[in-house]
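Enquirer: Here's my sequence, what's the structure:
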Amino acid sequence: MSAVIEIEGLRKTFHSMRNGRRVAVDGFDLLVEEGQVHGFLGPNGSGKTTTLRALLGLVRADSGRMSVLGQPSPELLPRVAGQVGAIVESPQFFGNFTGYRTLRLLARAGGVPVSRVDEALDLVGLRDRGDERVKAYSLGMKQRLAVASALLKDPRLLILDEPANGLDPAGIREMRDLMRSLAATGVTVLVSSHILGEIQLICDHVTIISQGRRVASGRVDEVLAGYDRHEFLVRVADPQRAAELLDAAELTAVVDGEALVVSGASDPTVISRVLGEQGLWVGELTPLRPDLESVFLELTGAHPSVPRQVDDSALPYAAQGDAVIDLDRGVDA
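Expert: Here you go, the predicted model:
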């Protein structure tokens with residue numbers, strides 16, 4: 001696949017009289033390939049929005065190389081600007097204009113057929129509210145209007161910074177479905193969000209930034225697999241005896257209330273075999289898998305280790321995550 005966004009060695013510093021020099025982005029790399037729904041994650045102040053602003057020519061980078069749709073950015077970004085839709089931070093609209101009038105003015109300014117206005121409003125679920133003034137919109141409706149403005153161009157690349165901000169659960173689901181449908185038509189989507197569960201559902205690739213540097217990048221399943229400790233939640237009638245048997249079999253077993261947490265077993269059938277041979281029958285054997293939120297918290301320094309999460313969708317005895325890759329976790333840290 002061809003690269004839609006490439007960033008290599010991006011560095012950006014800010015200076016102020018009060019706070020002095022602050023490094024916002026420090027040698028950051030990002031690769032987004034055609035057709036991906038790519039999650040861009042980072043805590044507040046990590047350099048995420050600064051990266052997007054530099055990519056789109058809204059701030060001047062100190063150093064580094066960037067390209068969008070094969071064109072060096074920001075130098076030749078105007079060549080492909082008509083194929084890029086973007087929302088960066090919270091867009092502002094004239095409160096006395098209706099949603100329809102707002103998009104119509106944007107369409108005319110961008111040389112986009114006015115017929116795209118109705119299509120864009122349909123896509124974000126605002127067709128029936130287009131004649132209302134923007135000042136009467138809720139925060140979630142304003143966010144939908146912003147997404148509609150980014151879709152006016154029928155873009156090849158869509159960059160969304162916190163598109164679910166202000167949306168209720170139903171709106172978040174609709175936004176998820178919209179991104180999936182756009183990706184199905186070949187649109188490449190780069191999306192940042194603090195709702196990490198949504199990112200895990202929507203995105204096939206992810207890049208995580210912390211303190212201006214990349215700390216993880218790759219397919220979502222591969223990033224999670226890199227933090228899989230092959231742990232299992234085991235329920236038996238006698239957890240203490242089960243722990244002793246498993247320890248004797250060179251597995252690590254820790255009694256956790258009325259259950260066990262067992263690690264070191266790449267094949268879960270080993271656990272059931274060791275216990276079954278001694279007449280201890282397993283009532284539950286569930287993989288404990290890291291989710292994107294727990295990995296994010298560890299990588300960005302919020303938690304010292306990845307907390308265990310039960311994979312409720314997994315069937316007992318199912319061996320998941322067969323492919324485990326080395327993410328070279330220390331390289332970009």
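
Enquirer: Can you pull up the most central residue in this structure?
Expert: In the chain, the C-alpha nearest the mean C-alpha coordinate belongs to Gly39, at 3.1 Å (Cα atoms, centre = their mean).

Enquirer: That one and Arg53, how far apart?
Expert: 18 Å (Cβ to Cβ, to the nearest Å). All C-beta atoms are positioned from the backbone trio N, CA, C, and that covers glycine.

Enquirer: The stretch 101-250 of the chain: helices as residue ranges?
Expert: 115-123, 139-151, 169-184, 196-202, 220-225, 239-248 (DSSP state H, counting those that start in this stretch).

Enquirer: Would you mind splitting the chain into its domains for me?
Expert: 3-224, 229-288 (automatic domain parsing).

Enquirer: To Glu293, which of the helices of the stretch 101-250 of the chain lies closest?
Expert: Glu293 sits nearest to helix 196-202 of all the helices of the stretch 101-250 of the chain, at 4.2 Å, using Cβ to Cβ.

Enquirer: Of the helices of the stretch 101-250 of the chain, which is nearest Leu160?
Expert: Set against Leu160 and scored by Cβ to Cβ, the helices of the stretch 101-250 of the chain come closest in helix 139-151, at 6.8 Å.

Enquirer: what about the strands in this protein?
Expert: With strands called from DSSP state E, the chain shows them at 3-16, 20-33, 37-41, 63-68, 71-72, 84-87, 157-161, 188-192, 205-210, 213-219, 231-235, 252-256, 259-263, 284-288.

Enquirer: would a markdown table of the ones you listed with distance to Glu198 and mean pLDDT be doable?
Expert: Shown next, in a markdown table, are the strands of the chain (distance: least, Cβ to Cβ, whole Å; pLDDT from 0 to 100):
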| stretch | distance to Glu198 | mean pLDDT |
| --- | --- | --- |
| strand 3-16 | 21 | 94 |
| strand 20-33 | 18 | 93 |
| strand 37-41 | 9 | 95 |
| strand 63-68 | 25 | 96 |
| strand 71-72 | 30 | 96 |
| strand 84-87 | 16 | 93 |
| strand 157-161 | 12 | 94 |
| strand 188-192 | 9 | 94 |
| strand 205-210 | 12 | 95 |
| strand 213-219 | 17 | 94 |
| strand 231-235 | 25 | 91 |
| strand 252-256 | 30 | 89 |
| strand 259-263 | 28 | 90 |
| strand 284-288 | 22 | 89 |
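
Enquirer: Gly301 is nearest to which of the domains of the chain?
Expert: Nearest to Gly301, of these and by Cβ to Cβ, is domain 3-224 at 6.8 Å.

Enquirer: Kindly check the end-to-end length of that closest one for me.
Expert: 23 Å (Cα to Cα, to the nearest Å).

Enquirer: where are the low-confidence patches of the stretch 1-150 of the chain?
Expert: 1 (pLDDT under 70).

Enquirer: re the thing from before, which of the helices of the stretch 101-250 of the chain is buried the deepest?
Expert: Compared across the helices of the stretch 101-250 of the chain, helix 139-151 shows the largest average neighbour count, a mean of 22 (mean count of other Cβ atoms under 10 Å).

Enquirer: now what about it, what contacts it?
Expert: Here helix 139-151 makes contact (Cβ atoms under 8 Å, 6 or more residues apart in numbering) with 85-87, 90-91, 93, 99, 102-103, 106, 116, 119-121, 123-126, 129, 134, 137, 158-160, 163-168, 171, 175, 178.
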